[in-house]
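Colleague: model this:
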Amino acid sequence: PYTLKSMLESKAISLGGLDWSVAGVGRGFSNALGTGYKSNRIELEGYSYDNLYSYAELLKQQLEDNSNERVKEVEITSGGWGSNALNEYYLDFSQEQLAMANVSQNQLYGYLKNQVYSGNIGSIVKDHELQQVKLVSDNYQKFNVWDLKNTPISINNKQYKLNKLASIDKRKTGNTIQKNNQQYRLTVAYDFLGTKPLAKKVRERNVEDLKTKLPIGYRILEQSYRGWNKKDSKQYYYLFVVIFIIFFICAILLESLKQPFAIISMIPLSFIGVFLTFYLFDFNFDQGGYASFILLCGISVNSALFIINDYNNLKRQYPKRNTQELYFKAFNYKIIPVLLTIVSTIVGLIPFIWSGQNEAFWFSFAVGSIGGLLFSLIGIFFYLPMFSVKKQILLL
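Modeller: So this is what the prediction gives:
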């Protein structure tokens, strides 16, 4: 079987013009350029379906003309990764050529009807039975697209070739008509031969070119995916929800509204470290960087909470002692566990940096977290004592 499979693969490679797949034993083989679904998609929305479809066809032609043949198998669909659309042959008439040949579209349709006609024309009684009479062309189920393109067409005792009057091509049809916010939606999907950054550049250029041609009531946009999108501002609002929950819990634990502000202020300080890390070293910010924000919300608050909570306990035990001395006493008690927590976290994240930026999530998560943790030390050593004992210093 393996020898036969190798022979079939060699034969498939030597034959061009078709997509071949060989499966059965071992790893499957395919020479198809496509991936089974269209990896690049552009959405169009508008209030008129017919006009929207014409703009989708314009975008399709634009992609094919301006991509140096890198764009393949462009389809106009109703959206979604799967498609229930059927195929049809579409005749595109050349009005100028038809006028010069003095041929109408109805005459050309009449010729096609005669070649493929099959239908009932009546009924007769034969042998005491009612039987249907059916008229069938002698070319029925024999006449194909190749014949249409290459066989001379006889109209008004004259011979014509189809390419002199019209063109025919195969395309998708039967899209489900979808509406979103009272607007029709169509998706132009295609495969791109090239790297992902180049595909993005070509996609954005074509989107900007078509934007200038769209009237009011229509818009074009790149399809949003279920994956992470750093331009989506909604996800960053969740960080404020996390901060509010932390403030609420700290206010209950510390029985204060001022001290929780000192604790949650450590969060934006650690975020500064994340921003500086990605900016100074020119790292790519992805969902790992966003996840580092969530991690820092917990660890930076935990470090400050250790010190402030111990500081409050000492004030209750020694109410007449100097608050500065009590704070630094609590600081000395808890700074070692805080440093060990930060250092152990940093050491645990170092292995994720070894693979470099090839890691789509873990590298950015590690460098963002390390940068934020290191910068949080500045807040612990300088900002937190200034905020916590500011009032007592002024009294002195």
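
Colleague: with adjacent residues omitted, what lies nearest to A251?
Modeller: In space, and not counting its chain neighbours, A251 is closest to P260: 4.8 Å by Cβ to Cβ, 6 or more residues apart in numbering. To be clear about C-beta, it is placed using only N, CA and C from the backbone, and glycine gets the same treatment.

Colleague: quick one: contacts for the one you found?
Modeller: Neighbour list for P260: I246, F247, C250, A251, L254 [criterion: Cβ atoms under 8 Å, 6 or more residues apart in numbering].

Colleague: change it to 7 Å
Modeller: F247, C250, A251, L254 (Cβ atoms under 7 Å, 6 or more residues apart in numbering).

Colleague: SS state for the first one?
Modeller: If I follow you right, that is F247. State at F247, reduced to three classes by DSSP: H, G, I helix; E, B strand; the rest coil: helix.

Colleague: thinking again about what came up before, if you rank the contacts of P260 by neighbours, which is first?
Modeller: C250 (23 neighbours; other Cβ atoms under 10 Å).

Colleague: gap between the closest residue to it other than its chain neighbours and V301?
Modeller: Closest residue in space to C250, ignoring its immediate chain neighbours: P260 at 3.9 Å, by Cβ to Cβ, 6+ apart. From P260 across to V301, the span is 9 Å (Cβ to Cβ, to the nearest Å).

Colleague: show me where the stretch 151-300 of the chain has its strands.
Modeller: With strands called from DSSP state E, counting those that start in this stretch, the stretch 151-300 of the chain shows them at 153-155, 158-160, 166-173, 178-180, 183-192, 219-222.

Colleague: mind putting those strands in CSV, mean pLDDT, mean neighbour count and distance to L91 included?
Modeller: Output for these, formatted as CSV (pLDDT from 0 to 100; neighbours: other Cβ atoms under 10 Å; distance: least, Cβ to Cβ, whole Å):
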stretch, mean pLDDT, mean neighbour count, distance to L91
strand 153-155, 82, 15, 12
strand 158-160, 84, 13, 14
strand 166-173, 77, 13, 5
strand 178-180, 79, 12, 27
strand 183-192, 87, 21, 22
strand 219-222, 85, 14, 28
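
Colleague: let's have these in TSV, adding distance to F382.
Modeller: Listed next are the strands of the stretch 151-300 of the chain as TSV, based on distance: least, Cβ to Cβ, whole Å:
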stretch	distance to F382
strand 153-155	88
strand 158-160	88
strand 166-173	64
strand 178-180	52
strand 183-192	52
strand 219-222	45
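
Colleague: to N139, which of those strands lies closest?
Modeller: Closest of those to N139 is strand 153-155, at 12.8 Å (criterion: Cβ to Cβ).

Colleague: packing partners for that closest one?
Modeller: Helices and strands touching strand 153-155, by 3 or more Cβ pairs under 7 Å, 6 or more residues apart in numbering; DSSP states H and E, are helix 105-116.

Colleague: what pLDDT, on average, does the helix it packs on get?
Modeller: Taken as a whole, helix 105-116 carries a mean pLDDT of 83.

Colleague: contacts for it?
Modeller: F93, L98, S137, N139, Y140, F143, I153, I155, L165.

Colleague: now swap in stretch 200-215 and tell me
Modeller: By Cβ under 7 Å, 6+ apart, stretch 200-215 touches N40, I42, Y55, L59, Q62, L63, N66, S67, F192, I220, E222.

Colleague: can we see that at 8 Å?
Modeller: Contacts for stretch 200-215 (Cβ under 8 Å, 6+ apart): 40, 42, 46, 55, 58-59, 62-63, 66-67, 70-71, 192, 194, 219-222.

Colleague: likewise for stretch 345-362?
Modeller: Residues contacting stretch 345-362 (Cβ under 8 Å, 6+ apart): 283-284, 286-288, 291, 299, 363-367, 369-370, 373-374.

Colleague: what about those, which one has the most neighbours?
Modeller: S369 (28 neighbours).

Colleague: what does the model give that residue for pLDDT?
Modeller: Note on S369: pLDDT of 94.

Colleague: isn't it up against L296?
Modeller: Yes. At 6.5 Å, S369 counts as touching L296 under the criterion of Cβ atoms under 8 Å.

Colleague: between the two, what contacts are shared?
Modeller: In contact with both S369 and L296: V274, using Cβ under 8 Å, 6+ apart.

Colleague: show the average pLDDT along stretch 125-135.
Modeller: Averaged across stretch 125-135, pLDDT comes to 83.

Colleague: CA atoms of it as CSV?
Modeller: Output of stretch 125-135 as CSV, limited to C-alpha atoms (Å, rounded to 0.1, in the frame of the first residue of the first chain):
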residue,chain,number,x,y,z
VAL,A,125,-54.4,8.8,-25.9
LYS,A,126,-52.6,5.7,-27.0
ASP,A,127,-53.7,2.1,-26.4
HIS,A,128,-56.5,3.5,-24.3
GLU,A,129,-54.0,5.2,-22.0
LEU,A,130,-53.3,8.9,-21.5
GLN,A,131,-49.6,9.5,-22.2
GLN,A,132,-47.4,12.6,-22.0
VAL,A,133,-45.6,13.8,-25.1
LYS,A,134,-42.1,15.1,-24.3
LEU,A,135,-39.9,17.1,-26.7
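
Colleague: pLDDT weak spots in the stretch 1-150 of the chain?
Modeller: Within the stretch 1-150 of the chain, the stretches with pLDDT under 70 are 16-18, 32-37, 79-86.

Colleague: now do the strands in it.
Modeller: Under DSSP E, counting those that start in this stretch, the stretch 1-150 of the chain gives strands at 21-22, 29-30, 40-46, 71-77, 86-93, 118-126, 129-136.

Colleague: all set now, cheers.
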